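> Sequence and computational prediction follow.
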Amino acid sequence: MTIYQELLGEDFQRLHPKLQDRYALPIGKPFYGVGTMVKVKTGSPWLKPFLILSARWQFLFPESGKDVPFTIKNTSRSLPSGKTEIYWERTFHFEKISRNFNAYMTIDPKRKVVKDYLGEPHLFYSDLKMSVTREGRMRIRSGSQRFLAGKREIPIPRLLEGVVTVEEGYHDAREVYTIQVEIRNRMVGRVMAYEGEFKAQPL
């Protein structure tokens, strides 16, 4: 049983069958996808120094664009503690530079949240709440967040949090996975957003 099956329980069966395949992620069998982000947008110009700094940690980045080639790889692995961790590698291939948006996910079954450690080395932590829509899509929303400074975890005030919403589906006629992601801040609005599609590819 994967961390997403454990977290969603019976609701996992309500996902589109292709999404069930995608989120099964058995250890030793990564999911790899190749596609295009129709649009990638960042926010206010004054956020650019923060986004440039974040890019050093393979987290957020300052570039925007249209029809940006994209790859995604999800790898399930067993930790020494016995927990299962999913390593997320998302790469956006802009004309002059490629940017990564990486994360490490485990779950907290008692609180029923995904524990999302963002960046390499980890820069931010966020709780993620996952649910299944009536159409069988995966919906993800962020919860409480912390800034990581070495071994210290500093709670981020609610007004400074990045409010994340993700919806992933599958388009049967076109045989592609669809993805919409938006990261907003309650004070400054959009921090980053991207939208597009990808297909599973063998490694």
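Perfect, thanks for sending it. Since the structure is predicted, the reported quantities are computational estimates derived from the model, not experimental observations. Numbers count the residues shown, from 1 in each chain.

> Farthest from the middle of this structure: give me that residue.
Going by Cα atoms, centre = their mean, the residue of the chain most distant from its centre is A173, 24.9 Å out.

> any idea how far K18 is from that residue?
13 Å (Cβ to Cβ, to the nearest Å). In this view, the C-beta of every residue, glycine as well, is placed from N, C-alpha and C.

> for V163, same thing?
Relative to K18, and taking Cβ to Cβ, V163 is found at 28 Å.

> how about the helices of this structure, start to end?
Assigned by DSSP state H, the helices in the chain fall at 3-8, 17-24, 48-55.

> Can you tell me which of the ones you listed is most buried?
Of these, the one with the most neighbours on average (mean count of other Cβ atoms under 10 Å) is helix 3-8, at a mean of 19.

> Packing partners of it?
Packing partners of helix 3-8 (3 or more Cβ pairs under 8 Å, 6 or more residues apart in numbering; DSSP states H and E): helix 17-24, strand 98-108, strand 113-118, strand 124-132.

> and the ones you listed as JSON lines, adding distance to R139 and mean pLDDT?
Formatted as JSON lines, the helices and strands packed on helix 3-8 follow (distance: least, Cβ to Cβ, whole Å; pLDDT from 0 to 100):
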{"stretch": "helix 17-24", "distance to R139": "11", "mean pLDDT": "96"}
{"stretch": "strand 98-108", "distance to R139": "16", "mean pLDDT": "97"}
{"stretch": "strand 113-118", "distance to R139": "12", "mean pLDDT": "96"}
{"stretch": "strand 124-132", "distance to R139": "5", "mean pLDDT": "97"}
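
> What distance do you get for the closest residue to K18 other than its chain neighbours to L47?
Distances taken as Cβ to Cβ, 6 or more residues apart in numbering place Y170 nearest to K18, at 4.2 Å, with adjacent residues excluded. Note on Y170: its distance to L47, by Cβ to Cβ, is 32 Å.

> Pick out whichever of those two has more residues nearby.
Set Y170 next to L47 and count neighbours by other Cβ atoms under 10 Å: Y170 wins out with 22 against 19.

> wouldn't that one be in contact with Y23 here?
No: counting by Cβ atoms under 8 Å, Y170 stays clear of Y23, with 11.4 Å between them.

> any chance you could map the strands in this protein?
Along the chain, counting by DSSP state E, strands occupy 31-42, 65-78, 84-93, 98-108, 113-118, 124-132, 138-149, 152-155, 162-171, 176-185, 189-200.

> The ones you listed into TSV, with extra columns for distance to L53?
TSV is the format used below for these (distance: least, Cβ to Cβ, whole Å):
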stretch	distance to L53
strand 31-42	13
strand 65-78	20
strand 84-93	17
strand 98-108	13
strand 113-118	14
strand 124-132	12
strand 138-149	13
strand 152-155	16
strand 162-171	15
strand 176-185	16
strand 189-200	13
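
> Okay then, goodbye and thanks.
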